[in-house]
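Participant: Pasting the sequence and the predicted model now:
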Amino acid sequence: MSRRWVLATRGAEELEALAAVLEKRGVDVVPLALTREVPVDDAAGRARVEAALGAAELVAFTSKRAPRALRQAAPDLAATLATLPAAAVGAATADAARREGFDVQIVGGGGGAALAAALAPRLRPGAAVVHPCGRERRGEFGDALAEIGAREVALVVYAMEEIPATEPLSFPGESPSAVVLTSPRAVRAYLARCGARWAGVPHIAIGATTAAAAAAAGVRAVVSPQPTTESIVEELWQTCS
């Protein structure tokens, strides 16, 4: 009998932790990358950052993709921003920023609003916070900065584009033990690419919003209590045992 496998709607690099845990249990993780990162040349954003450098007190990262994308999109500006103290939304993002040479001094507990709250004691009224980011992002970080009297200066350095559904897919011969759905957008793209071929397989959503999107599309998904590797593994084990 071939090894059991789980399909997850993310790229391989984002599934390393999950794959490492499940591999010890004899289960393979097969990635279904639905989007890919593309560089963005944000000339208007660059002009805003350069104009705000005199008031900039921090550079903040709310995405672990952003530090490397910043180095690639604007290496000269990245070198200038690396002289500022840096903040990151969480540990993984902090590690990514440090690998690119940024001096991460503040690590938030998760989410843009929490990061802004952590920055509040460090910022003077009217201070600018440079925010290298993706094109599609939530507005909570900028809104939370405004509430504490600071301002976000966003610089778009990358975008996630959907991989065309016409690109060929390759999966193991047998059906997966489960499908892990990682976002509402991923639900839509997964169904566009795979249809109902695994309708009878357990589906696990990493949050209530994703589960609601799945339900609206006719897919019943169990909700993982937390979007963490440990929680997803526990839910997989309970669902598939």
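Facilitator: Good, I have the coordinates.

Participant: where do the helices sit along the protein?
Facilitator: Assigned by DSSP state H, the helices in the chain fall at 16-23, 43-52, 66-73, 75-81, 91-99, 112-119, 140-147, 184-194, 208-216, 229-240.

Participant: Tell me which of the ones you listed sits nearest to residue 125.
Facilitator: Set against residue 125 and scored by CB to CB, these come closest in helix 140-147, at 11.7 Å. C-beta coordinates here come from the backbone N, C-alpha and C atoms, glycine included.

Participant: For that closest one, enumerate the helices and strands it packs against.
Facilitator: Here helix 140-147 touches helix 112-119, strand 128-134, strand 151-162, going by 3 or more CB pairs under 8 Å, 6 or more residues apart in numbering; DSSP states H and E.

Participant: Spatially nearest residue to the one residue sitting closest to the centre of the chain, not counting backbone neighbours?
Facilitator: With distances taken as CA atoms, centre = their mean, residue 63 lies nearest the centre of the chain, 6.1 Å away. Once flanking residues are discounted, residue 63 sits nearest to residue 134: 5.6 Å by CB to CB, 6 or more residues apart in numbering.

Participant: In the protein, where is pLDDT below threshold?
Facilitator: Low-confidence segments of the chain, defined by pLDDT under 70: 1, 241.

Participant: how's it carved up into domains?
Facilitator: Domain segmentation of the chain under automatic domain parsing yields 4-34+163-240, 39-161.

Participant: quick one, which of those is packed in tightest?
Facilitator: The highest mean neighbour count among the domains of the chain, using mean count of other CB atoms under 10 Å, belongs to domain 39-161: a mean of 18.

Participant: now the residue nearest to residue 63, which residues is it bridged with?
Facilitator: Counting by DSSP bridges, residue 134 is bridged to residue 158.

Participant: Extract the C-alpha trace of stretch 37-44 and format it as CSV.
Facilitator: The C-alpha trace of stretch 37-44 is given here as CSV (Å, rounded to 0.1, in the frame of the first residue of the first chain):
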residue,chain,number,x,y,z
GLU,A,37,4.7,35.7,-5.9
VAL,A,38,5.6,38.3,-8.5
PRO,A,39,7.6,41.5,-8.0
VAL,A,40,6.0,44.9,-8.0
ASP,A,41,7.6,48.3,-8.9
ASP,A,42,5.6,50.7,-6.8
ALA,A,43,7.0,54.0,-8.0
ALA,A,44,4.4,56.1,-6.2
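
Participant: In JSON lines, list the helices of the chain along with distance to residue 168.
Facilitator: Below are the helices of the chain laid out as JSON lines (distance: least, CB to CB, whole Å):
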{"stretch": "helix 16-23", "distance to residue 168": "22"}
{"stretch": "helix 43-52", "distance to residue 168": "36"}
{"stretch": "helix 66-73", "distance to residue 168": "28"}
{"stretch": "helix 75-81", "distance to residue 168": "35"}
{"stretch": "helix 91-99", "distance to residue 168": "31"}
{"stretch": "helix 112-119", "distance to residue 168": "37"}
{"stretch": "helix 140-147", "distance to residue 168": "38"}
{"stretch": "helix 184-194", "distance to residue 168": "10"}
{"stretch": "helix 208-216", "distance to residue 168": "25"}
{"stretch": "helix 229-240", "distance to residue 168": "27"}
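
Participant: Tell me which of these sits nearest to residue 58.
Facilitator: helix 112-119 (6.4 Å).

Participant: and the angle for that closest one with helix 140-147?
Facilitator: Relative orientation of helix 112-119 with respect to helix 140-147: 40 degrees, computed using axes from the mean of the first three to the mean of the last three CA atoms, to 10 degrees.

Participant: List the contacts of helix 112-119.
Facilitator: Identification of contacts with helix 112-119 by CB atoms under 8 Å, 6 or more residues apart in numbering yields 58, 60, 62, 87-89, 106-109, 129, 138, 140-145, 147-148, 150.

Participant: what do you get for stretch 84-95?
Facilitator: Contacts of stretch 84-95 (CB under 8 Å, 6+ apart): 56-64, 66-67, 96-97, 102-112, 114-115, 118-119, 122, 129-130.
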